[in-house]
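Chemist: Okay, structure incoming, though there's no sequence with it:
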């Protein structure tokens, strides 16, 4: 009997309009199935998922399984604009860069996987031929002047910076042009002899030293279409004709004052199509692909919401005397979208299967029928039915479920693993090498047979079990209950930090002879790890030595009881005596000192509460847009700090808060959110730094 992947492949090749895979409820399990399909069939897939966030998860999980199979697929992720097109605000620079790079890569060939949300599918854009020509290709011995190259780079969105330190920048020194294209790991140095390219070399941006010779260099654009100062002037002339109505005068002048000088303005990306029509969509960039629809009901709701929001926002803009292009110039019409989707073979990933899909459609149709006698404004939306559960669609049920969460209970975890079938392939996905070594130690400590298990290092959004594939995957967070990144919480969310012993994070940095503190026994000296056999089982212990050479063996799974000793004094500390009351007295004395300090702090903060300050307004829509533009997910600590700071700012009491963290842990991101909130209320923000260089870095941020 054919296996699961073979049956799915046969359904796709059967000529059916669509195939439904039900039972897959996580991105990780779906990504596993698709990577297996790709390996078996060689087909290319377009994954339509709900949002930019879920697209990031898809990309991460597909890459994980590709690396696991040592067959890394070509993956392109096309994000949707996070900014509303009628807001008068330009998209974030990183979004523009990612979109331009994705479209440029698509213009050079269809990847194994294209991941995108509905917002990206709806948007009109330039043709594959046009974007392929925006970024210049430079070959050694080409006849091109440095001046011509500079014009091309500026039109493609590159910024002049000397020296360059990031992608999207270029610099010029005599007959040498340095440029850093976003698809390259390192920048390139183009040396000219007159108007001829003499050499091309990659170089290290830190040392400025060349690393290797390059025969040719393809430079990807930093935005979707090339724009020159003359293009902006041409737009200004057309805009005066198109928006000739007096009600648009002020909004138009705010833009044309810049465009007449050949300068861009806020939101120009959504107005330039007046003079440079967008005749394509991402659907024109590929053919002979299989469309993967991740939860069609959710996707259809997102499409419907987008159409409703676009229509409402455009009408509001016109009523307010703002200028904006008609929605049909910027987005696919509903009938265009439906017609294009109907031409593509698709696989629908439905957690609850076709039966639930039919029920959803019946409810949507009934809701529309019941509201048909109401006014247009009150009427329910006309359902799109982009992915109807048609009769000629096949369905395959995949048995899959999320793995259990053990939250650091290693004994329970080990017992669970031992109960699994020996034929199952077990994968332990750890984020770092240190955690991979740690899980290996835990498995050995609990005598878990690991012949069928594999420990790998990589990011996976979640673990799952798939019995038909005899596959079980545990992630780091499944086992340890720890996570390095979490979504930003809402202001009312309760933030629970994972319980981590202070010792765990720096355990591998310990050396024999270092001083440590045990919660119950006090200050001792670390003398290494010791393996002890007991009742036929070997276990690993930390050996701690106390006064009078007394020894204490601490099981490695109880490292949360131990922390590193730190002191500003250079002398060696006196070791505590095992079994004595000295350590207990020290702890009691510390508790009393802490209580005294707490009393002083309570008195201080009580006095501060009597002082009146300024209460900032709740977050405005622009605050959310600003925060959504940040490229990284917030850590638990960042999210907690942001929620607390905003709560402080919105009360009439003066805020007094200190943010502490190592270099690179995101303190500036927290501060920028608070600064933006202050500016939204018309207040100024002062940034005090210890050095001029740091002040410049904050200015650039």
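Modeler: Okay, I see it. Note that the structure is predicted; figures quoted are calculated from it, not measured.
Chemist: CA only for contacts and neighbour counts going forward, please
Modeler: OK.
Chemist: Residue 616 against residue 678, yeah?
Modeler: Yes - between residue 616 and residue 678 there is a contact under CA atoms under 8 Å: 7.1 Å.
Chemist: The nearest residue to residue 205 once chain neighbours are set aside: how many residues sit nearby?
Modeler: In this structure, residue 205 finds its nearest non-sequential neighbour in residue 165, 6.2 Å apart by CA to CA, 6 or more residues apart in numbering. Using other CA atoms under 10 Å, residue 165 has 16 neighbouring residues.
Chemist: Which pLDDT value goes with residue 165?
Modeler: Per-residue pLDDT puts residue 165 at 85.
Chemist: So what does it look like in phi/psi?
Modeler: phi -140, psi 0 (degrees, to the nearest 10).
Chemist: For stretch 312-322, list every residue counted as buried.
Modeler: For stretch 312-322, burial by neighbour count (16 or more other CA atoms under 10 Å) applies to 313-314, 321-322.
Chemist: One more: stretch 205-217?
Modeler: So for stretch 205-217, counting by 16+ other CA under 10 Å, buried means 205, 217.
Chemist: what is the rounded mean pLDDT of that stretch?
Modeler: 89.
Chemist: Distance across that stretch, terminal residue to terminal residue?
Modeler: One end of stretch 205-217 sits 17 Å from the other (CA to CA, to the nearest Å).
Chemist: Show me the contact partners of it.
Modeler: 137-140, 164-165, 186-187, 199-204 (CA atoms under 8 Å, 6 or more residues apart in numbering).
Chemist: And those, which is closest to residue 304?
Modeler: residue 137 (40.7 Å; CA to CA).
Chemist: which residue packs closest to that closest one, ignoring adjacent ones?
Modeler: residue 218 (4.4 Å).
Chemist: how close does that neighbour get to residue 539?
Modeler: Residue 218 sits 57 Å away from residue 539, going by CA to CA.
Chemist: Those two: who's more crowded?
Modeler: residue 539 (19 against 13).
Chemist: tally of neighbours for residue 661?
Modeler: 10.
Chemist: for residue 624, same thing?
Modeler: 11.
Chemist: which SS class is it?
Modeler: With DSSP: H, G, I helix; E, B strand; the rest coil as the basis, residue 624 sits in helix.
Chemist: and what of residue 240?
Modeler: helix.
Chemist: pretty sure it contacts residue 254?
Modeler: No - using CA under 8 Å as the test, residue 240 is too far from residue 254 to be in contact (11.9 Å).
Chemist: hang on, the earlier thing: Provide a list of residues in contact with the residue nearest to residue 137.
Modeler: 135-138.
Chemist: Could you rerun that using 7 Å?
Modeler: Shown in contact with residue 218 (CA atoms under 7 Å, 6 or more residues apart in numbering): 136-138.
Chemist: so what are the domain limits for this structure?
Modeler: 4-81+89-127+287-310+337-397, 136-218, 229-274, 401-480, 504-579, 611-700 (automatic domain parsing).
Chemist: Where among those is average confidence lowest?
Modeler: domain 504-579 (a mean of 78).
Chemist: can you give me how far it is from the chain middle?
Modeler: Centroid separation for domain 504-579 versus its chain: 39 Å, with CA atoms, centre = their mean, to the nearest Å.
Chemist: Over to stretch 335-344?
Modeler: The answer for stretch 335-344 is 30 Å, by CA atoms, centre = their mean.
Chemist: Going by neighbour count, list what's buried in it.
Modeler: 337, 344.
Chemist: Give me the residues contacting that stretch.
Modeler: Taking CA under 7 Å, 6+ apart as the rule, stretch 335-344 contacts 290-291, 386.
Chemist: what do you get if the cut-off is 10 Å, keeping everything else the same?
Modeler: Under the criterion CA atoms under 10 Å, 6 or more residues apart in numbering, residues 17-18, 121-122, 283-284, 287-292, 303, 331-334, 384-387 lie in contact with stretch 335-344.
Chemist: go on, stretch 54-73?
Modeler: With CA under 10 Å, 6+ apart as the criterion, stretch 54-73 contacts 27-36, 38-39, 44, 47-49, 52, 74-79, 111-117, 294, 427, 429, 456-462.
Chemist: Report the contact partners of residue 311.
Modeler: Neighbours of residue 311 in contact, by CA under 10 Å, 6+ apart: 305, 326-327.
Chemist: Please tell me the pLDDT value assigned to residue 284.
Modeler: The model's pLDDT for residue 284 equals 92.
Chemist: Tell me which residues touch it, please.
Modeler: Here residue 284 is in contact with 106-107, 125-128, 340 (CA under 10 Å, 6+ apart).
Chemist: again, only using 6 Å
Modeler: By CA atoms under 6 Å, 6 or more residues apart in numbering, residue 284 lies in contact with nothing.
Chemist: Could you double-check that residue 195 sits in contact with residue 144?
Modeler: Yes - counting by CA atoms under 6 Å, residue 144 is a contact partner of residue 195 at 5.2 Å.
Chemist: average pLDDT across stretch 588-605?
Modeler: For stretch 588-605, the per-residue pLDDT averages 81.
Chemist: start the count at 475, not 1, going forward
Modeler: Happy to do that; since the first residue is 475 now, the last one works out to stretch 1062-1079.
Chemist: Not counting that stretch itself, show me its contacts.
Modeler: By CA under 6 Å, 6+ apart, the list of residues contacting stretch 1062-1079 is empty.
Chemist: just to revisit the earlier point, quick one: which of residue 714 and residue 728 has more around it?
Modeler: In terms of neighbours (other CA under 10 Å), residue 714 is the more surrounded of residue 714 and residue 728; the figures are 15 against 12.
Chemist: Give me the buried positions along the longest strand seen in the chain.
Modeler: Counting residues, the longest strand found in the chain (DSSP state E) is strand 996-1008. By neighbour count with 16+ other CA under 10 Å, strand 996-1008 contains the buried residues 996-1001, 1003.
Chemist: and if you look at stretch 761-773?
Modeler: Buried, per 16+ other CA under 10 Å, within stretch 761-773: 763-771, 773.
Chemist: Let me know the closest of these to residue 1025.
Modeler: residue 768 (58.0 Å).
Chemist: Now do the contacts for that closest one.
Modeler: So residue 768 contacts 523, 823 (CA under 6 Å, 6+ apart).
Chemist: got the phi/psi numbers for residue 1084?
Modeler: Dihedral angles (degrees, to the nearest 10) for residue 1084: phi -80, psi -20.
Chemist: wait, residue 894
Modeler: Dihedral angles for residue 894 - degrees, to the nearest 10 - are phi -70, psi 160.
Chemist: for the one 10 residues further on, same thing?
Modeler: The main-chain torsion angles of residue 904 are listed as degrees, to the nearest 10 and equal phi -110, psi 150.
Chemist: That one: neighbouring residues, count only.
Modeler: 23.
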